[in-house]
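In: A structural model of the following input is requested.
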Amino acid sequence: MAVPDVLSALDPEQREVAAALTGPVCVIAGAGTGKTRAITHRIAHGVLAGAFDPRRVLAVTFTTRAAGEMRGRLRTLGVEGVQARTFHSAALRQARYFWPQVTGSELPQIAGSKLSIVGAAANRCRVGTDRATLRDLASEIEWAKVSNVLAERYPAAAESAAREVAGVDAETVARVYAAYEDLKSDRGQMDMEDILLAAVGLLDANPGVADAVRSQYHHFIVDEYQDVSPLQQRLLDLWLGERDDVCVVGDPAQTIYSFAGARPDYLLDFGQRYQSATTVRLFRDYRSTPQVVNVANAVLRPSRGGAKGVVLEAQRPAGPEAVFIEHPDEVAEAEWVAGEIGRLLASGVPAREVAVLFRVNAQSENYEQALADAGIAYVVRGAERFFDRAEVRQAAMLLRGAMRAGDTAGDAPDAAAATA
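Out: Numbers count the residues shown, from 1 in each chain. Prediction:
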């Protein structure tokens, strides 16, 4: 029976990735270069050629959406049975299976809200905090745990890594961290970081568990490898054991989880850890016009670390030149954007062809307000509209009530505004 050809549709570099079926493989993939296409075709090629048993392949990434997309693409290529999961999903599955065998009890329940436990821990330590500080404390505890830093070692680790929480000294953070861990234990709960820690602990302390997992999975693929934390790398090392059949894919210029302990060093130093590694760079950008790619290359050039990153080459036809304009503040920027959109719509450009990209959800408020003031309808993708958020609706309701009450009670608006 002829083996389906899954390599012919790939570009030369993607084909090199897909054809490298043995030993350690490192793929440095720039934005828009088809990395998911390359690694899914690699898995499909390995399975269809008989080099991989699909049941022995574990592909891990960082989001359930990416894992689902990978499974979907593999099905399209005629491959079923490959485990494509997030690190947490894979770790949880293993922990739930082996924990009762090792401890004789069920795995603790996953806490529904980390913030509520952090708040209780802060209260136990007599630390008064607002919600923003609680979020910062929760993030700091997450960083410590994925960096394998215990509470008693946090002050020294925080100083070494130049970490700080506004308004809270390192010793206090350590006390809240310790109280947080005690509270979880008292309640029989675990957080997301504990899932990874539980899997690491089971594999590290129980040779039988490690042997069972290693006999199950022989081939590993890790997507977005630039965002791997020390704890995730430790888990990957335990999955591998003494083997080196691992393919990692990432871009050092796209590290976005460094605040949570991610280290692009694992990607950049892969060739040093595996001297026999095959390294392939995907540089053909299929997503953007040459003008956009040129801007990206110019912006990223100082952070690439010499030859460790990739310089993108656009594959799409030319488009309009990129424009760079500065504004004194975010409000002025949003108003200018709304004005430009208004002019585009007036010239006949369909609204569906206009998009505003921003870095974090908190930035949407100014754009939504500016578009609303300009009478331009809009849709927010990937986040709740600012004016639809529960806290914003409540504040608006209180302010409207205060304004109505102001007709008969002069001090009501100030009181209501303070409540909001």
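In: From here on, just use CA atoms for contacts and neighbour counts.
Out: Will do.
In: Could you pull up the residues touching Tyr266?
Out: For Tyr266, the set of contacting residues under the criterion of CA atoms under 8 Å, 6 or more residues apart in numbering consists of 225-226, 228.
In: I misspoke; the intended subject was Gln94.
Out: By CA under 8 Å, 6+ apart, Gln94 lies in contact with Ala199.
In: If Leu58 is in a bridge, with which residues?
Out: In this entry, Leu58 is beta-bridged to Gln83, Phe220, by DSSP bridges.
In: Give me the distance between it and Asp223.
Out: Computed as CA to CA, to the nearest Å, the Leu58 to Asp223 distance reads 11 Å.
In: now Gln109
Out: 28 Å.
In: Likewise for Ala121?
Out: When distance is defined by CA to CA, Ala121 is 35 Å away from Asp223.
In: need the helices for the stretch 301-420 of the chain, in chain order.
Out: Secondary structure of the stretch 301-420 of the chain by DSSP state H, counting those that start in this stretch: the helices cover 330-346, 364-373, 390-405, 412-419.
In: swap that for the stretch 101-250 of the chain, please
Out: Under the criterion DSSP H, counting those that start in this stretch, the stretch 101-250 of the chain carries helices at the ranges 114-124, 131-146, 154-160, 170-187, 192-205, 207-216, 230-240.
In: Was I right to think Phe52 contacts Arg42?
Out: No. Judged on CA atoms under 8 Å, Phe52 makes no contact with Arg42 at a distance of 10.1 Å.
In: For Gly305, report the pLDDT, please.
Out: According to the predicted model, the pLDDT of Gly305 comes to 47.
In: Same question for stretch 102-118: list its buried residues.
Out: 107-108, 111, 114-115, 117-118 (16 or more other CA atoms under 10 Å).
In: what separates stretch 178-195 from the chain centre, distance-wise?
Out: Its chain's average C-alpha position is 23 Å from that of stretch 178-195, according to CA atoms, centre = their mean, to the nearest Å.
In: which residues are contacting it?
Out: Applying CA under 8 Å, 6+ apart, the set of residues contacting stretch 178-195 from outside is 88, 91-92, 95, 108-111, 114, 117-118, 120-122, 124-125, 142, 145-146, 151-152.
In: Over to stretch 234-254?
Out: 22-31, 35, 196, 199-200, 203-204, 210, 213-214, 217-226, 264, 267-268, 274, 300, 303-304, 308-309.
In: Next, the distance between the ends of it.
Out: Length of stretch 234-254, first residue to last, CA to CA: 22 Å.
In: can you pull the buried residues of it?
Out: Of the residues in stretch 234-254, those with enough neighbours to count as buried (16+ other CA under 10 Å) are 234-236, 238-240, 244-253.
In: Nearest residue to the middle of this structure?
Out: For the chain, the residue nearest the mean C-alpha position is Phe62 (5.6 Å; CA atoms, centre = their mean).
In: Can you tell me the number of residues neighbouring Phe87?
Out: For Phe87, the neighbour count with other CA atoms under 10 Å is 21.
In: Over to His327?
Out: Burial measure for His327: 10 neighbouring residues, criterion other CA under 10 Å.
In: correct me, but it touches Ala334?
Out: No. Using CA under 8 Å, His327 makes no contact with Ala334, being 9.3 Å away.
In: if I look at Thr33, how far off is Glu368?
Out: Computed as CA to CA, the Thr33 to Glu368 distance reads 32 Å.
In: any idea how far Val102 lies from Pro207?
Out: Per CA to CA, Val102 is found 11 Å from Pro207.
In: What is the burial count for Ala132?
Out: Residues near Ala132, counting by other CA under 10 Å, number 10.
In: Check what pLDDT it gets.
Out: Looking at Ala132, its pLDDT reads 87.
In: ditto for Arg263
Out: At Arg263, the predicted lDDT confidence score is 77.
In: What is the neighbour count of it?
Out: Using other CA under 10 Å, Arg263 is surrounded by 22 other residues.
In: about what we covered before: wait, the residue nearest to the centre of the chain touches Ala90, no?
Out: No. No contact is recorded between Phe62 and Ala90 when judged using CA under 8 Å, the distance being 11.1 Å.
In: Find the residue closest to Gly339 in space, skipping its chain neighbours.
Out: With CA to CA, 6 or more residues apart in numbering as the criterion, Gly339 has its nearest non-adjacent residue at 7.6 Å, and that residue is Ala374.
In: again with Glu321
Out: The spatially closest residue to Glu321, leaving aside those adjacent along the chain, is Gln291, at 5.6 Å (CA to CA, 6+ apart).
In: tell me which element the one you found is part of?
Out: helix 290-300 (DSSP states H and E).
In: Check which residues of that helix are buried.
Out: Across helix 290-300, burial judged by 16+ other CA under 10 Å covers 290-294, 300.
In: want to throw these into JSON lines with distance to Gly188?
Out: Putting those into JSON lines (distance: CA to CA, whole Å) gives the following:
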{"residue": "Pro290", "distance to Gly188": "55"}
{"residue": "Gln291", "distance to Gly188": "55"}
{"residue": "Val292", "distance to Gly188": "51"}
{"residue": "Val293", "distance to Gly188": "51"}
{"residue": "Asn294", "distance to Gly188": "53"}
{"residue": "Leu300", "distance to Gly188": "46"}
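In: Closest to Thr133 out of those residues?
Out: Each of the buried residues of helix 290-300 was checked against Thr133 using CA to CA; the closest is Leu300, at 32.1 Å.
In: While we're on the closest residue to that closest one other than its chain neighbours, how confident is the model there?
Out: With sequence-adjacent residues excluded and distances taken as CA to CA, 6+ apart, Leu300 is closest to Ala253, at 6.8 Å. Among the per-residue scores, Ala253 shows a pLDDT of 84.
In: distance of Ala253 from Gly208?
Out: According to CA to CA, Ala253 stands 39 Å off from Gly208.
In: wait, Pro230 sits on Val149?
Out: No. In this structure, Pro230 sits apart from Val149 without contact. The criterion is CA under 8 Å, and the distance is 10.3 Å.
In: Which one, of the helices of the stretch 101-250 of the chain, ends up nearest to Leu357?
Out: Taking CA to CA as the criterion, Leu357 comes closest to helix 131-146 out of the helices of the stretch 101-250 of the chain, the separation being 24.7 Å.
In: No further queries at this time; thank you.
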